[in-house]
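**Q** predicted coordinates and the sequence they were generated for:
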Amino acid sequence: MSQLRRCFMPIAGLGPRVPIHVEENGWPTGPGRAEDMQARSLETMVRAVHDFRGTYGVTDYRWFDLRDHNSASANFQHHYGLLRDDYSPNRPSPRTGGLSTGSRCASPTPAWGRCGSGCACTTGAAAAPRSARRSPAPTARRCAASMSP
C-alpha cells in the first residue's frame with residue numbers, strides 16, 4: 001500500500017486525496033491448499049488493510065469470492081470462495097478478529113503519504129506500471145522497491 005500510495009499513484013497523476021480500493025483480494029483453497037491457511041490469510045490481509053487504512057487512504061476492501069465456483073475441481077482457480085459451491089462454510093471458517101464490514105477511516109482527510117516522505121524517488125518512468133508508461137506525466141517518479149510502511 002505504501003508503494004502504491006507514495007509512488008505509483010503520483011506517476012498516474014492520482015492525487016493524495018484519491019482513495020485506495022483493495023479489490024479481488026483472496027487466497028484459494030483446493031488440492032494442496034488448506035482451508036485453515038485461507039482463514040489465516042484472510043485474517044492477516046484484512047488486519048493489515050484495517051491497520052493502515054488511515055495512513056494510506058484505503059476506503060474499500062473486497063474479498064474474492066463469496067463462494068467457490070466448483071469445490072470439486074482440482075483447479076485452484078475455482079476455490080477462492082469463503083464458502084463452498086453449495087454455500088456450506090469452509091472449515092475452519094475465516095475469522096475477521098472483530099472487524100466489521102463497512103469500516104471507514106476515522107478522518108475524512110487522513111494524512112496519506114506522498115512521494116518524498118519516506119520514499120526513495122528519482123525522475124523517469126522506467127519503473128512505472130505499464131498503464132502509466134503509455135503516457136507518463138512530465139514529472140513522473142520512480143520509487144525504490146525497498147519501501148516500508
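**A** Cool, got the structure.

**Q** now do the SS call for the residue nearest to S41 when sequence neighbours are not counted.
**A** Closest residue in space to S41, ignoring its immediate chain neighbours: W27 at 3.8 Å, by CB to CB, 6 or more residues apart in numbering. Every residue, glycine included, has its C-beta placed from N, CA and C. State at W27, reduced to three classes by DSSP: H, G, I helix; E, B strand; the rest coil: coil.

**Q** quick one: residues contacting W27.
**A** 33, 37-38, 41-42, 45, 80 (CB atoms under 8 Å, 6 or more residues apart in numbering).

**Q** one more time with 10 Å
**A** Contacts here follow CB atoms under 10 Å, 6 or more residues apart in numbering; on that basis W27 touches 33, 35, 37-42, 44-45, 63-64, 76, 79-80, 82, 94.

**Q** likewise H79?
**A** By CB under 10 Å, 6+ apart, H79 lies in contact with 26-31, 33, 35, 38, 65, 68-73, 85, 90.

**Q** of those residues, which qualify as buried by neighbour count?
**A** Buried members of those, scored by 16 or more other CB atoms under 10 Å, are 26-30, 35, 38, 65, 68, 71, 90.

**Q** so which of these would you say is closest to R53?
**A** Checking the buried ones among the contacts of H79 against R53 with CB to CB, the nearest one is G26 at 18.5 Å.

**Q** mind checking how far that closest one is from N70?
**A** Distance of G26 to N70, computed by CB to CB, to the nearest Å: 16 Å.

**Q** before we move on, back to that, and the contacts of W27, which of them are buried?
**A** Buried, going by 16+ other CB under 10 Å: 35, 38-39, 41-42, 45, 63, 79-80, 82, 94, out of the contacts of W27.

**Q** for these, which two are the farthest from each other?
**A** Applying CB to CB across these, the maximum distance is between M45 and H79, 16.6 Å.

**Q** picking that back up, dump the buried ones among the contacts of H79 to a markdown table, plus pLDDT.
**A** Formatted as a markdown table, the buried ones among the contacts of H79 follow (pLDDT from 0 to 100):
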| residue | pLDDT |
| --- | --- |
| G26 | 92 |
| W27 | 92 |
| P28 | 94 |
| T29 | 92 |
| G30 | 89 |
| E35 | 90 |
| Q38 | 92 |
| D65 | 92 |
| D68 | 95 |
| S71 | 94 |
| N90 | 82 |
